[in-house]
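In: got a predicted structure plus its sequence, pasted below:
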Amino acid sequence: MKTIHTIFLLFIAFSSSVLAAEEPDAKRTASTVILDETGVKNLRIETEAVEETTFEDSIFALGRIAVYPGKDAAISSRVPGRVVEIFVKHDHPIKKGDVAIVVESRQPGNPPPVINLTAPISGLVSATHVVLGEPVEPDKVLAEIIDLNEVYAVARVPEHLAGKLARGQRANIRVPAVPDQTFEAELEHLGALADTESGTVEAAFHVLNPELLLRPGMRAEFSIVVGTQEGVFSVPREALQGEPANRFVYVKDFELPNAFVKTPVVLGRITDRRAEILSGLFPADDVVTRGAYSLGFAGGGTLSLKEALDAAHGHEHAEDGSELTEPSQTASASSTGNGGNSAAFWMTVSGVLFVLLVVVAVRKKGTRHA
């Protein structure tokens, strides 16, 4: 019985060692997405190095761009008359003092006296309300001008968060109409009254707009900074993937080119822009930001782990990416040459060991009878 037990243990040990050597590391393979250069370009992959930074606690709000107070003006006539010339065009610039409209007065004269109506400010003509020959009165607005070199970005902040706001706080403002730029501004005006219908409070930020990219009425997204903390590991929010209870990010492999490893993370605070990382990442890890969502649909990528390591190191590896010893390489080549028929190999080994066990058992039985 002792001999049988010993053979059985050797069989188990041998089986485990061969399985460990031949069976691919499914976990590593499943967690690594390997692309070629074309795949990286098509997914527009971008990364950001993990490092300690200043973490900003922020409030998210929606709003609109508006004309800055005192930066709009109207053109009108002081005397009644008739429009005889118009020099302004809608959406065209005009300088302060330029003649905008000429009005012929109703006062007697031959010819009747005319009045040149000039622009009171420099800016863009936002509206015209008159045509040639139209009679005008002093109370009629003939044209409107707005100066957009500075504007208001007005956020509608939920009233239960309004208590966290104070003048001078900074906001990062994104406007969908200008997707590649973020505007920084300070809180200049906080509404004294809440809007009872929407349950929000107005928060207006003074934004410089020298390139005239922002126009009144445009939608805006606000990230209002209400607190900061130094020395915090964080990643852009777009890097986060997975369900709330099972968050992960893709980290660029330190060894393989164009390879990204699915890495679980434990999160702390999350804002509309960034997420605090409590564990799971190390300093200098390159985390995928743009393209992270698409990687989840890339499956195993365009290359296998073995192919990527073979190309990177210049020699063959096992299917799980581990290094091959010389005997292992021979066995691997033999297995490949036979069509990878490992099932037949295991059936043969099992059969031989079973026969050995039977022979030993018969001999033991014969010895006892003798």
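Out: Nice, thanks for sending it over.
In: please count neighbours and contacts with C-alpha atoms only from this point.
Out: Will do.
In: next one: residue 214 from residue 271, what distance?
Out: Shown here: residue 214 relative to residue 271, a distance of 25 Å by Cα to Cα, to the nearest Å.
In: next one: residue 96
Out: Counting by Cα to Cα, the gap from residue 96 to residue 271 is 45 Å.
In: which of the two has more neighbours?
Out: Between residue 96 and residue 271, counted using other Cα atoms under 10 Å, residue 271 has the larger neighbour count: 16 against 12.
In: look up the pLDDT of that one for me, please.
Out: We have a pLDDT of 88 for residue 271.
In: mind listing the strands in the stretch 151-300 of the chain by residue range?
Out: Per DSSP state E, counting those that start in this stretch, the stretch 151-300 of the chain carries strands over the ranges 170-175, 178-195, 200-208, 219-236, 241-243, 246-252, 259-264, 266-270, 274-279, 286-288.
In: quick test: name the residue nearest the centre of this protein.
Out: With distances taken as Cα atoms, centre = their mean, residue 238 lies nearest the centre of the chain, 3.3 Å away.
In: leaving out sequence neighbours, find the closest residue to that one.
Out: For residue 238, ignoring the flanking residues on the chain, the nearest one in space by Cα to Cα, 6 or more residues apart in numbering is residue 289 at 5.8 Å.
In: give me the neighbour count for the one you found.
Out: As a measure of burial, residue 289 has 21 neighbours, counting by other Cα under 10 Å.
In: now for it: which residues touch it?
Out: For residue 289, the set of contacting residues under the criterion of Cα atoms under 8 Å, 6 or more residues apart in numbering consists of 45, 46, 47, 48, 236, 238, 239.
In: try it again with 6 Å
Out: Under the criterion of Cα atoms under 6 Å, 6 or more residues apart in numbering, the contact partners of residue 289 comprise 46, 47, 238, 239.
In: of those, which qualify as buried by neighbour count?
Out: Restricting the contacts of residue 289 to buried positions leaves 47, 238, 239, with burial counted as 16 or more other Cα atoms under 10 Å.
In: neighbours around residue 231, how many?
Out: By the other Cα under 10 Å criterion, the neighbourhood of residue 231 contains 10 residues.
In: residue 51 versus that one, what's the distance?
Out: Computed as Cα to Cα, the residue 231 to residue 51 distance reads 9 Å.
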